[in-house]
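**Student:** Take a look and give me a structure for this.
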Amino acid sequence: KAGLYRQISQAYAALLPVRSVGVMGDQRTYEQVIALRAVETKDFMTADWFPMPIETLKRISNRIINEVKGVNRVLYDVSSKPPSTIEFE
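**Tutor:** Presented below is the predicted three-dimensional model:
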């Protein structure tokens, strides 16, 4: 919908092995965290994080939190390769 498909070389969501405190309704929650990662690259030897439009990030984050049971926080990874790698390990 955002028209970004051809600009992003690789994108994914990773479920992180940490819990996050949050509030849903009137209840305190301890739920999962999802990290979003999108990069642009020509050769995958180096890569820059993709500058995702804020409205797109807002829409993605809201959908994940509202539609994925057990998730109360969404992060966006702004690390380049190097020093980071493209995938989480």
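
**Student:** Helix or strand: which one has the residue nearest to the spatial centre of the chain?
**Tutor:** Closest residue to the average C-alpha location of the chain: residue 36 at 1.3 Å, with CA atoms, centre = their mean. Assessed by DSSP states H and E, residue 36 sits inside strand 27-40.

**Student:** Which stretches in the protein count as helices?
**Tutor:** 54-67 (DSSP state H).

**Student:** burial of residue 18, as a residue count?
**Tutor:** Around residue 18 sit 9 other residues, with neighbours defined as other CB atoms under 10 Å. In short, each C-beta sits where N, CA and C put it, glycine included.

**Student:** Got the confidence number for it?
**Tutor:** If you check residue 18, the pLDDT there is 96.

**Student:** and if you look at residue 34?
**Tutor:** As predicted, residue 34 sits at a pLDDT of 98.

**Student:** For it, which residues are in contact?
**Tutor:** Neighbour list for residue 34: 13, 14, 15, 16, 64, 68, 71, 73, 74, 75 [criterion: CB atoms under 8 Å, 6 or more residues apart in numbering].

**Student:** now the fifth one, nearest residue through space, not along the chain?
**Tutor:** Once its chain neighbours are removed from consideration, residue 64 has its nearest residue in residue 74; the separation is 5.2 Å (CB to CB, 6 or more residues apart in numbering).

**Student:** ok, how many other residues are close to the one you found?
**Tutor:** Residue 74: 20 neighbours (other CB under 10 Å).

**Student:** Identify all residues paired with it through a beta bridge.
**Tutor:** residue 34 (DSSP bridges).

**Student:** mind checking how far it is from residue 44?
**Tutor:** Using CB to CB, to the nearest Å, residue 74 is found at 25 Å from residue 44.

**Student:** Check residue 18 too.
**Tutor:** 27 Å.

**Student:** what do you get for residue 72?
**Tutor:** 32 Å.
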